[in-house]
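Student: Got a predicted structure plus its sequence, pasted below:
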Amino acid sequence: MTGKAARTAGRYLAVYSSGLVLVAFSILPLLWGISTALKEESDVYAFPPSWIPAPVTFENFVGVFRNPDLIRSFFNTLIVASATTVVALVVGILGAYGFSRYRFPGRNTLLWSVLFIQLFPRVVVIVPFFVTLRNLDLMNTYQGLVLVYLMAIFPIAIWMIKGFFDNLPREIEEAAIVDGCSLPQLLWLIVIPMSKPALAAVAMYSFILAWNEFLFALVFTNGLDRRPLSVALAFFIDENGIHWGQLMAASVVMSVPAVLVFTFSQKLLVRGLSEGAVKG
């Protein structure tokens, strides 16, 4: 092997080794959580700890599904995440199409100001959001959580969809208008079907962000009626301490919808992110 070939092989080895380390660093906590969820309570505290549960038990998962508070929190999260995704898509499509196809005074300033919101940490906007929701009587409601989540999602949704709309051939839209299409028909029959990759990317981003959000959910909900699952897991404790087995089982259950959404939309996500970033 020549010196150049050896250097090339060394670089590839370094890159792949670094990748494996990062993958292992990301996956090991997940594997440990699954292992803990399948252990009996006495084995959870065993020392030295074991990766492979012996015996395997599903009692922790049974306990999760028998817990009415967790089931309620699960459906709260599902409702909020689904509503956030739908509204983000509707408003994102309309806003992105307006920015992409129409020219009006202050267009660029408004477009950049939408993205400028993302520069602020979420802690900074908690107090304004809190005052706004309190004045609107939306504290501890589904509508309040959806409204707050949308403020974090809209900038990404509008910019991503707009970048995709910019690359669509305008001749197709012009031909549809000549054939008598109204604007709603144009969007529904022409633009949206051609924009599925970008819409899938926005939908996945919106759903996962709303599903995993903790800080806003913690501040703007109280009690069990509207508490999402991410917050419910943080209070998974009683007078006997933390039940780690059930906590890990509940965490695994919480991860399943997000994993499914990503699995079924990953191909469209990659295409939507790449094509939506060509033009801004």
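Tutor: That came through fine.

Student: What segments of the stretch 51-200 of the chain are strands?
Tutor: Counting by DSSP state E, counting those that start in this stretch, the stretch 51-200 of the chain has no strands to list.

Student: so who does the residue nearest to the spatial centre of the chain touch?
Tutor: Nearest to the mean C-alpha position of the chain, by Cα atoms, centre = their mean, lies residue 208 at 1.9 Å. Listed by Cβ atoms under 8 Å, 6 or more residues apart in numbering, the contact partners of residue 208 are 258, 261-262. In this view, the C-beta of every residue, glycine as well, is placed from N, C-alpha and C.

Student: Wait, a helix at it?
Tutor: Yes: under DSSP: H, G, I helix; E, B strand; the rest coil, residue 208 sits within a helix.

Student: shaky segments in the chain?
Tutor: 1-4, 237-241, 265-280 (pLDDT under 70).

Student: Going along the chain, name the helices of it.
Tutor: 3-37, 41-44, 59-65, 68-101, 107-116, 122-135, 142-166, 170-178, 183-185, 192-194, 196-212, 215-220, 229-234, 244-276 (DSSP state H).

Student: Reformat the ones you listed as TSV; add distance to residue 50.
Tutor: Formatted as TSV, the helices of the chain follow (distance: least, Cβ to Cβ, whole Å):
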stretch	distance to residue 50
helix 3-37	8
helix 41-44	7
helix 59-65	16
helix 68-101	27
helix 107-116	49
helix 122-135	39
helix 142-166	40
helix 170-178	60
helix 183-185	60
helix 192-194	52
helix 196-212	29
helix 215-220	34
helix 229-234	24
helix 244-276	14
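
Student: out of the ones you listed, which comes closest to residue 52?
Tutor: helix 3-37 (7.0 Å; Cβ to Cβ).

Student: tell me which residues of that closest one are tucked away?
Tutor: Across helix 3-37, burial judged by 16 or more other Cβ atoms under 10 Å covers 33-37.

Student: and which of these is nearest residue 153?
Tutor: The nearest member of those to residue 153, counting by Cβ to Cβ, is residue 33 at 27.2 Å.

Student: quick one: the closest one from residue 242, how far?
Tutor: According to Cβ to Cβ, to the nearest Å, residue 33 and residue 242 sit 14 Å apart.

Student: Residue 11 and residue 19, how far apart?
Tutor: To residue 19, residue 11 is 13 Å away according to Cβ to Cβ.

Student: hmm, I was thinking of residue 182
Tutor: With the distance defined as Cβ to Cβ, residue 182 ends up 51 Å from residue 19.

Student: Can you get me a residue count around residue 129?
Tutor: 18 (other Cβ atoms under 10 Å).

Student: For the residue nearest to it when sequence neighbours are not counted, give me its contacts.
Tutor: Spatial nearest neighbour of residue 129, chain neighbours left out: residue 148 (5.4 Å); criterion: Cβ to Cβ, 6 or more residues apart in numbering. Neighbouring residues of residue 148 by Cβ under 8 Å, 6+ apart: 129, 133, 216, 220.

Student: Touching, residue 217 and residue 231? I think so.
Tutor: Yes: if you go by Cβ atoms under 8 Å, residue 217 and residue 231 touch, sitting 4.9 Å apart.

Student: Find residues that contact each of these two.
Tutor: Between them, residue 217 and residue 231 share no contacting residue, judged by Cβ under 8 Å, 6+ apart.

Student: Quick check: the gap between residue 46 and residue 38.
Tutor: Per Cβ to Cβ, residue 46 is found 14 Å from residue 38.

Student: Count the neighbours of residue 218 for me.
Tutor: For residue 218, the neighbour count with other Cβ under 10 Å is 16.

Student: no wait, residue 54
Tutor: Per other Cβ under 10 Å, the neighbour tally for residue 54 reads 9.

Student: May I have the phi/psi pair for it?
Tutor: In terms of degrees, to the nearest 10, the main-chain angles of residue 54 are phi -150, psi 110.

Student: Run through the residues that contact it.
Tutor: Contact partners of residue 54, counting by Cβ under 8 Å, 6+ apart, are residue 43.

Student: how much space is there between it and residue 24?
Tutor: Applying Cβ to Cβ, the value for residue 54 to residue 24 is 23 Å.

Student: again with residue 124
Tutor: Distance from residue 124 to residue 24, by Cβ to Cβ: 35 Å.

Student: do residue 129 as well
Tutor: Here residue 129 is placed at a distance of 38 Å from residue 24 (Cβ to Cβ).
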